[in-house]
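Peer 1: Have a look; sequence and predicted model below, questions after that.
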Amino acid sequence: MISQVSQSPRDEKRRTRTSDIVRRARAVVFAALSTACALAGVSGAAYAQEPYPTHPVKIIVGFAPGGSSDIVARLVAERLTVRLGKPVVVENRPGAGGFLATSQVLRQPADGYSLLLLASAHSVTAAMRASMPFDPVEDLDWLTTAATYGMVFGVRPDSPYASFVDIIAAAKSKPKTLTYYSVGDGTAHHLLGEWLSAATGTEFIHVPYRGSSAALPDFLAGRVDMMIDTMTFALPQMTAGAMRPLAVTSRKVPSEMAKVPFSGDIVPGLAYESWLGLAMRKGAPPEVVERLRREITAIVLSDDFAQELAKFGANATASTGAEFADRIRREITEFSRVIDARGIQKQ
């Protein structure tokens, strides 16, 4: 048999004290954990109720620094910083006509901290691509347009073509001999040239370049007959005496071009306004979307913003979100029609 060892009264007292210490320690730990959880709940609730924005906001630009997109983004960012009370910074993400920047923003949380400065290239890219990894209209909340400006058909000052009618007549009489430059295949510049050919039964030859600055030397040297470029680029060339405008694609133009014919009066339907505007990934809280729309619209409608844009031939132009989205849909349809009519290969 195994004998049982009896415990002395001293051992019993030691065991009782140990149990009391353990119970008290457990109670202290439980109280501490309960307090920490309660504090975490209060802190989380306070954070959730903290008004937007709580940290810096980014404006992603799909083009390199120095261009009109970048300039407008920085003008907005400077003023939006003051209105939101938090830094608003510009991040350039050039490539694929703004497509890379849009893709980046659509990968970010839908929280209002990543905005997108879009150009009219967005509509052109949507029309030119055979497929898209996102919906170019429905996946974005459209805040407001910020700037609009027409495009310019122009020639050198010594060109033999005195008017838009003259150069169209020459292209009809000498098919596939007159050239125009664009800033690349599948851009608005390119498609406007194709639109002109389709609408007039002519065959202008497209000569693509990697940007306006790259095309300018050949244009000035007479190796390209006609410029098709934005007002923001063409106006300084005209002011410098390096280009003579034949037509503009918008009725709203700087005073320097007030006497230049509107393209739609010469070629019915040939009207187009390039634009810059702000959007964000769809899904942010409605109050955040409305706050941003309200603040940016107020910036666009301010006198100082309009004065800054006028310096490079652009018009400060605000819109509602619905008007902005409708513009995109309309342009995608118009450019798709030109692409199909001219048999342009989609990318």
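Peer 2: Here it is on my side, so go on.

Peer 1: can you give me the helices for this structure?
Peer 2: 9-49, 68-84, 99-107, 121-128, 164-173, 188-200, 212-220, 231-239, 263-266, 286-300, 303-310, 321-342 (DSSP state H).

Peer 1: now for the fifth one, which elements pack on it?
Peer 2: I take that to be helix 164-173. Using 3 or more C-beta pairs under 8 Å, 6 or more residues apart in numbering; DSSP states H and E, the elements in contact with helix 164-173 are strand 140-155, helix 188-200, strand 244-248, helix 263-266. The way it works is simple: take the backbone N, C-alpha and C, and place the C-beta from them, glycine included.

Peer 1: So what are the sheet partners of the first one and their directions?
Peer 2: Using DSSP bridges, the strands paired with strand 140-155 are strand 226-230 (antiparallel), strand 244-248 (antiparallel), strand 273-281 (antiparallel), strand 315-316 (antiparallel).

Peer 1: Can you dump the C-alpha atoms of that strand in CSV for me?
Peer 2: This file holds the C-alpha atoms of strand 140-155, laid out as CSV (Å, rounded to 0.1, in the frame of the first residue of the first chain):
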residue,chain,number,x,y,z
LEU,A,140,-14.8,57.1,-60.8
ASP,A,141,-16.6,59.8,-58.9
TRP,A,142,-16.3,62.9,-61.1
LEU,A,143,-15.7,66.0,-59.0
THR,A,144,-15.5,68.9,-61.4
THR,A,145,-13.8,70.1,-64.5
ALA,A,146,-11.1,72.7,-63.8
ALA,A,147,-10.0,74.0,-67.2
THR,A,148,-11.1,73.9,-70.8
TYR,A,149,-9.4,75.1,-74.0
GLY,A,150,-9.8,74.6,-77.7
MET,A,151,-7.4,72.9,-80.1
VAL,A,152,-5.7,74.9,-82.9
PHE,A,153,-5.1,74.1,-86.6
GLY,A,154,-2.1,76.2,-87.6
VAL,A,155,0.6,76.7,-90.2
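
Peer 1: what about the stretch 151-300 of the chain, any weak spots by pLDDT?
Peer 2: Within the stretch 151-300 of the chain, not a single segment meets pLDDT under 70.

Peer 1: can you put the strands paired with strand 140-155 in TSV and add mean neighbour count and distance to residue 297?
Peer 2: Shown next, in TSV, are the strands paired with strand 140-155 (neighbours: other C-beta atoms under 10 Å; distance: least, C-beta to C-beta, whole Å):
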stretch	mean neighbour count	distance to residue 297
strand 226-230	26	23
strand 244-248	23	27
strand 273-281	24	10
strand 315-316	21	11
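
Peer 1: Reformat the ones you listed as JSON lines; add distance to residue 331.
Peer 2: As requested, the strands paired with strand 140-155 are exported to JSON lines (distance: least, C-beta to C-beta, whole Å):
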{"stretch": "strand 226-230", "distance to residue 331": "15"}
{"stretch": "strand 244-248", "distance to residue 331": "18"}
{"stretch": "strand 273-281", "distance to residue 331": "9"}
{"stretch": "strand 315-316", "distance to residue 331": "17"}
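
Peer 1: To residue 144, which of those lies closest?
Peer 2: strand 273-281 (6.2 Å; C-beta to C-beta).

Peer 1: for the spatially most central residue of the chain, which residues make a bridge with it?
Peer 2: The centre of the chain sits closest to residue 118, judged by C-alpha atoms, centre = their mean, with a distance of 1.4 Å. Residue 118 forms beta bridges with residue 277, as assigned by DSSP bridges.

Peer 1: Test my guess that it contacts residue 276.
Peer 2: Yes. Residue 118 lies in contact with residue 276 (C-beta atoms under 8 Å); the separation is 7.1 Å.

Peer 1: rewinding a little: so which of the helices and strands packed on helix 164-173 is the most packed in?
Peer 2: strand 140-155 (a mean of 26; mean count of other C-beta atoms under 10 Å).

Peer 1: got the CA positions of stretch 215-234 in CSV?
Peer 2: Extracted as CSV, the C-alpha positions of stretch 215-234 are listed here (Å, rounded to 0.1, in the frame of the first residue of the first chain):
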residue,chain,number,x,y,z
ALA,A,215,7.3,68.1,-83.2
LEU,A,216,8.0,71.9,-83.2
PRO,A,217,11.4,71.9,-84.9
ASP,A,218,10.1,69.9,-87.9
PHE,A,219,7.1,72.1,-88.1
LEU,A,220,9.2,75.3,-88.1
ALA,A,221,11.6,73.8,-90.6
GLY,A,222,8.7,73.1,-93.0
ARG,A,223,8.9,69.3,-92.8
VAL,A,224,5.3,69.1,-91.6
ASP,A,225,2.6,71.3,-93.2
MET,A,226,0.1,71.7,-90.3
MET,A,227,0.0,71.9,-86.5
ILE,A,228,-2.8,70.4,-84.6
ASP,A,229,-2.2,71.2,-81.0
THR,A,230,-3.7,72.5,-77.8
MET,A,231,-4.4,76.2,-77.2
THR,A,232,-2.0,76.1,-74.3
PHE,A,233,0.8,75.1,-76.6
ALA,A,234,-0.2,77.0,-79.8
